[in-house]
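Participant: Below are the sequence and a predicted model; questions follow.
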Amino acid sequence: GQQLNQSPQSMFIQEGEDVSMNCTSSSIFNTWLWYKQDPGEGPVLLIALYKAGELTSNGRLTAQFGITRKDSFLNISASIPSDVGIYFCAGHRAGTALIFGKGTTLSVSS
Amino acid sequence: GAVVSQHPSWVICKSGTSVKIECRSLDFQATTMFWYRQFPKQSLMLMATSNEGSKATYEQGVEKDKFLINHASLTLSTLTVTSAHPEDSSFYICSARYGSGFMETDTQYFGPGTRLTVL
């Protein structure tokens, strides 16, 4: 099935650094969602975006819904060791299942 | 927030046996649930969409006779892997849709996953 283009595939950063990852699509979505998955667990919803241009924060996380409806980014500020995991973007259109990106694996060294 | 549970969290079975995995939405009703399969270091692969009171919709390439899905109530969907074989070993994750599916504010919440190992 269709997948979103998510980049980077992996990141290795130092504790305290900021992180940015993004997703792009060739088609429009009505909703963008960002999830985090820890090893052996299911994805946990971090941020949901419902309007083009919307900028939403959740603690140290900030995400934006692209104005074209075809992209979204997620920023993590001042990373900490517990930020380690796989981050997935997902796009949604009415009446359909979520379409996922391939994930960004984040490693944080202290 | 919305909570989705899965049971069991892990299961080991012999080749040829059947395994049932339960997915429950604990604090909301979900007319639609989804079943995903995930291989190591890969994204989630949608297997099927489960609608309460009707037959599941399977994605292309997913054997409906092998992966039986039942969505008998608004809070419970089950996935039964029939005649399991080692190649069915994987991480199975369910999710439940909060909302009708046709609203901008619809969101999917995921269960913690079930690790299936077939010997």
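Facilitator: Here it is on my side, so go on.
Participant: Could you use CA atoms for every contact and neighbour count after this?
Facilitator: OK.
Participant: Report the beta-bridge partner residues of residue B:11.
Facilitator: Legend: beta-bridge partners of residue B:11 under DSSP bridges are residue B:116.
Participant: Give the burial count for it, as a bare number.
Facilitator: Neighbour count of residue B:11, defined by other C-alpha atoms under 10 Å in any protein chain shown: 15.
Participant: So the residue most central in space within chain B versus residue A:30, what's the distance?
Facilitator: The centre of chain B sits closest to residue B:35, judged by C-alpha atoms, centre = their mean, with a distance of 3.1 Å. Distance, residue B:35 to residue A:30, using C-alpha to C-alpha, to the nearest Å: 22 Å.
Participant: now residue B:70
Facilitator: With the distance defined as C-alpha to C-alpha, residue B:70 ends up 29 Å from residue A:30.
Participant: now residue A:103
Facilitator: Counting by C-alpha to C-alpha, the separation of residue A:103 from residue A:30 is 20 Å.
Participant: between those two, who's got more neighbours?
Facilitator: Taking neighbours as other C-alpha under 10 Å, residue A:103 and residue A:30 compare with residue A:103 leading, 29 against 18.
Participant: was I right about the more buried one contacting residue A:11?
Facilitator: No: using C-alpha atoms under 8 Å, residue A:103 is not in contact with residue A:11; the gap is 11.0 Å.
Participant: neighbours of residue 8, just the number please.
Facilitator: Reading this off chain A. Residue A:8 is flanked by 15 other residues according to other C-alpha under 10 Å.
Participant: not what I meant, chain B
Facilitator: Applying other C-alpha under 10 Å, we find 16 residues neighbouring residue B:8.
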